[in-house]
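Enquirer: Sequence first, predicted coordinates after that:
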Amino acid sequence: MSIEPQEPVEGQALSGEEGPEAVAITPAARLAAYVQGGGVLVPVLTAVLAFFIGGLVILVTGHNPFSTYKAIFNGTGLNWFFPWVTGSDRSTAALNLQQTLIVTTPLILTGLAVAFAFRCGLFNIGGQGQYLVGSYAAVWAGSSWAGMPRVLHILVAILAAIVAGAVWAGIAGLLKATVGAHEVISTIMLNWIAIWLGAYLFALKGPLQNSDPSQQSVPVSNDVASSAKLPVIWGDPELQGLHIGLFIALAAALVFWVILNRSTTGYEVRAVGLNPEAARYGGISVARNYILVMAVCGAFAGLAGSLDLLGWQFRIATNDILNSANVGLGFFGIAVALLGRNTASGTVIAALLFGALLSGTSQRNLDPTIFEPELASNLTLIIQGLVVLIVSADVIVLTMLRRGRSMFRRRGAPAGAEAEPSS
Amino acid sequence: MSTAVATASPTRAITARHVGWAGIALGFVAWFIALPPALMRSPVPSVIIGLLAMTAGGWAIRAGEKRLGWGAVAAGIIGGAGAIASTQSGVGNLKDVVTWSALIAATLRYATPLTFGAMAGIVSERSGVVNVGIEGMMLTGAFFGIFGADLLDSWFLGLLVAMAAGGLLALLHAFFSIQLRADQIVSGMALNFLALGITGYIFLDHYGDQGTPDNISRVPDVSIPGLKDTSFFGDAIGKTNLLIWVSLIAVVLLTAYLFRTPGGLRLRSVGEHPRAAETVGISVMRTRYVAVVASGMFAALGGAYLSIGFVGSFNQGMTAGRGFIALAAVIFGKWRPAGALAAALLFGFSTALAQRLPAFSPSAAVLFQALPYVLTLIAVAGIIGRSRPPAAVGQPYVKE
């Protein structure tokens, strides 16, 4: 009943949404074709389902899911777009929305860092480490050479971060290409090495600890010089207004799209992602692509680190580094990329969703009388896990839709619906 | 010419292997004699032994044992250099850092979660299912172990609760990777996030800012009468946690099961060639389900050891990448329990050493924390040789 050519199923979830447009006959086949053509239905269903299960978690632990989600929504500041929100609510919403967009900025980039690797058949879990080394480089370059012309200083600091991230991820690419070390393990190890490296660099008496005589007992870096701070375009620069980094991130998404879809490099990357053996047979150097792709991923993640540092953090403390071990923006990049189906536009939209979720559940934005922000941040982790879990299996949704397998028919719902909260 | 001859004749090749291994051993000896208790204060003997090791390595390389030979050369250089460095540093510092009995005890403590994690990885991957969710299953075990021990006031019941929770999470992984044929690496990674969120959520919801109470029933230490009071063995293994012994027994039992029983043969055949296994009447699905759930239970025991055996408390994300180090141990040990145990001990030793090295340089103390991760990275880079995973690992099975 399905009339598309039979393609290899494995790797499809990881490597792309492009597929032949099918002549839709049944609703199921139409849905499959839609998804194959880069449709939005499955990602939307995935997100809805994850939020629904998250709501169940809120419910069984004795809270009200509706008021909780409403409080989180208000915390995101997205209600700023509602014309009926006025007065002090509106100014709060504006502040919250600035936060959301500030978090969205690095998420776009860490999402791209994961998505680019996926398109080449690699799973980059090292976004966090690459983000961190990028931020170390940015804070070092940004706090040195104060008084440099502003544009130049910003560019130098960003470039330093990009190079640092690329080199860090390049290690994993090199190991994969030369000795076949699995990138999942090597990037995770590089994350931890980056964390302890940072904890050492900015520790008391560490090489990059701040040089302020009154701050010698604080394990924190020097402040970024004002000549390296990114201009703020919306809100108060003193109160974490929105900086221009958002546009840099959007430009990076454009670069991602151009490299991937309009360049020879991108063609090779996608070819390796779809079938490394065939690519090798066709004369493409798989090893070279692995190294290159990881370096590009690291560049995206490193850029994310620099935008956070130069845009609103301005300094980095060892505590923050150690706390980011499991819950950093680099990890959220995985869910962002998967939900965005590893495309540029999908990643941007998914980044906004997760950016909103992160800022909506933050200590600063969520109303603690309705829901504990600390609980809410774990709720974010649960939703993130559910999203990744459901996406991991949605290739099977396609297979089942396409082949009309009995399993789907019997259940009569998208296979994502079979996800159950564990424990 | 000579290499061609050597590889052609099996007897010569075996000799080259022996020389290579002897070279590596000599490299260790070179360093060992400069450390307590031997404490040779002159670098000359170590340098001579180091050179011997390098010569042996060179010979092995010429005879065709390239990887082993280079290993011996590296061991000679590292051993010699380490010995020179040791003779230059103070006796007091050396004695502080290198107390073999204490180092062995600490190695066992740090290696145990990794051993359990590695057994989890072996069971699952031998059946053909990649399990990168070990980290999350460990964390689940760590939390539910202490949660159960607290609520039921018994460490034993705590362990059972941990294993049930780890098994349940593994069941989810099994359902996704076996039934839905999900991408196993992605779904495993999802479990890590999920476990982080769920344990963090319940932990905060139940314990709040206070953290877990101090008076939780903990897995007891086993003291061996007779051995307890001897000076060296008493300090090293005279009084160790019950779960450390359990982990070592698990390695023996798992080895016996995998390689000496029909059940183990079935498990391995499902991981190597599921189609052939199915043809002779083995249920691939059921075997994989059982293996993955058992994997979750092993991992949970490792986590429970961390919380109610080793530390006595829980904090969010406390497994700190150990699940992934355990996976590296699986690869390093070539999917064999004994090999993985050796790797776990090596990683455990590096952690134990990292805890003591600050005696030398307090400012770089923090950097030493990265040592186990660096070592893991080097290990997966294949210093020991490329190892071959089970043939069908990571491939969902479609019944015909």
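Expert: Sure, I can see it.
Enquirer: Would you confirm that B:Ala276 contacts B:Ser269?
Expert: Yes: the pair B:Ala276 and B:Ser269 qualifies as a contact (Cβ atoms under 8 Å) at a distance of 6.7 Å. Any C-beta I mention is one placed from the backbone N, CA and C, and that applies to glycine too.
Enquirer: between these two, who's got more neighbours?
Expert: With neighbours defined as other Cβ atoms under 10 Å in any protein chain shown, B:Ala276 and B:Ser269 compare such that B:Ser269 has more, 22 against 12.
Enquirer: Leaving out chain neighbours, which residue sits closest to that one?
Expert: Nearest non-adjacent residue to B:Ser269, counting by Cβ to Cβ, 6 or more residues apart in numbering or on different chains: B:Ala277, 4.3 Å away.
Enquirer: Would you double-check that that neighbour falls in a helix?
Expert: Yes: with DSSP: H, G, I helix; E, B strand; the rest coil as the criterion, B:Ala277 is part of a helix.
Enquirer: how close does it get to B:Val284?
Expert: In this view, B:Ala277 and B:Val284 are 6 Å apart by Cβ to Cβ, to the nearest Å.
Enquirer: For those two, list the residues in contact with both.
Expert: Taking Cβ atoms under 8 Å, 6 or more residues apart in numbering or on different chains as the contact rule, B:Ala277 and B:Val284 both touch B:Val270.
Enquirer: ok, B:Pro337 touching B:Val251?
Expert: Yes: applying Cβ under 8 Å, one finds B:Pro337 in contact with B:Val251, separated by 4.6 Å.
Enquirer: So for those two, which residues contact both of them?
Expert: B:Met119.
Enquirer: Residue 355: which element?
Expert: No chain in the question, so chain A it is. A:Gly355 belongs to helix A:344-360 when elements are defined using DSSP states H and E.
Enquirer: wrong chain, I was asking about chain B
Expert: B:Gln355 belongs to helix B:337-356 when elements are defined using DSSP H and E.
Enquirer: Give me the distance between the closest residue to A:Asn365 other than its chain neighbours and chain B.
Expert: Distance criterion Cβ to Cβ, 6+ apart; nearest residue to A:Asn365, sequence neighbours excluded, is A:Gly75 at 3.6 Å. Here the criterion is Cβ to the nearest Cβ, to the nearest Å. By it, A:Gly75 lies 18 Å from chain B.
Enquirer: What score does A:Gly75 have for pLDDT?
Expert: For A:Gly75, the pLDDT comes out at 88.
Enquirer: Contacts for the helix or strand harbouring it, please.
Expert: A:Gly75 belongs to helix A:65-76 when elements are defined using DSSP H and E. Contacts to helix A:65-76, defined as Cβ under 8 Å, 6+ apart, come from residues A:51, A:55-56, A:58-59, A:79, A:93, A:96-97, A:100, A:356-357, A:359-362, A:365-367, A:370-371, A:376.
Enquirer: any idea of the angle it forms with helix A:344-360?
Expert: Here the directions of helix A:65-76 and helix A:344-360 differ by 100 degrees (axes from the mean of the first three to the mean of the last three Cα atoms, to 10 degrees).
Enquirer: Torsion angles phi and psi at residue 139?
Expert: Defaulting to chain A. Backbone torsions for A:Val139, taken as degrees, to the nearest 10, come to phi -70, psi -30.
Enquirer: check contacts around it.
Expert: A:208, A:221-222, A:224, A:309, A:315-316.
Enquirer: Next, find the distance separating it from chain B.
Expert: 17 Å.
Enquirer: who in the stretch 201-350 of chain B is up against chain A?
Expert: B:201-202, B:204-205, B:316-317, B:320-321, B:324-325, B:327-328, B:331 (Cβ under 8 Å from any Cβ of the partner chain).
Enquirer: Look up the pLDDT of the closest residue to A:Ser135 other than its chain neighbours for me, please.
Expert: Counting by Cβ to Cβ, 6+ apart, A:Ser135 lies nearest to A:Gly305, which is 3.3 Å off, once chain neighbours are set aside. pLDDT, A:Gly305: 96.
Enquirer: May I have the helix or strand harbouring A:Gly305 as PDB, with CA atoms only?
Expert: According to DSSP H and E, A:Gly305 maps onto helix A:286-308. Below are the C-alpha coordinates for helix A:286-308, written out as PDB (Å, rounded to 0.1, in the frame of the first residue of the first chain):
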ATOM      1  CA  VAL A 286      35.000   9.900   5.600                       C
ATOM      2  CA  ALA A 287      37.800  10.500   8.100                       C
ATOM      3  CA  ARG A 288      38.400  14.000   6.900                       C
ATOM      4  CA  ASN A 289      34.600  14.700   7.100                       C
ATOM      5  CA  TYR A 290      34.500  13.400  10.700                       C
ATOM      6  CA  ILE A 291      37.300  15.800  11.800                       C
ATOM      7  CA  LEU A 292      35.800  18.700   9.900                       C
ATOM      8  CA  VAL A 293      32.300  18.200  11.100                       C
ATOM      9  CA  MET A 294      33.300  17.900  14.700                       C
ATOM     10  CA  ALA A 295      35.400  21.000  14.400                       C
ATOM     11  CA  VAL A 296      32.400  22.900  12.900                       C
ATOM     12  CA  CYS A 297      30.200  21.600  15.800                       C
ATOM     13  CA  GLY A 298      32.700  22.800  18.300                       C
ATOM     14  CA  ALA A 299      32.800  26.200  16.600                       C
ATOM     15  CA  PHE A 300      29.100  26.600  17.000                       C
ATOM     16  CA  ALA A 301      29.200  25.500  20.700                       C
ATOM     17  CA  GLY A 302      32.200  27.700  21.400                       C
ATOM     18  CA  LEU A 303      30.400  30.600  19.800                       C
ATOM     19  CA  ALA A 304      27.500  30.000  22.200                       C
ATOM     20  CA  GLY A 305      29.900  30.200  25.100                       C
ATOM     21  CA  SER A 306      31.300  33.500  23.900                       C
ATOM     22  CA  LEU A 307      27.900  35.100  23.400                       C
ATOM     23  CA  ASP A 308      26.800  34.200  26.900                       C
END
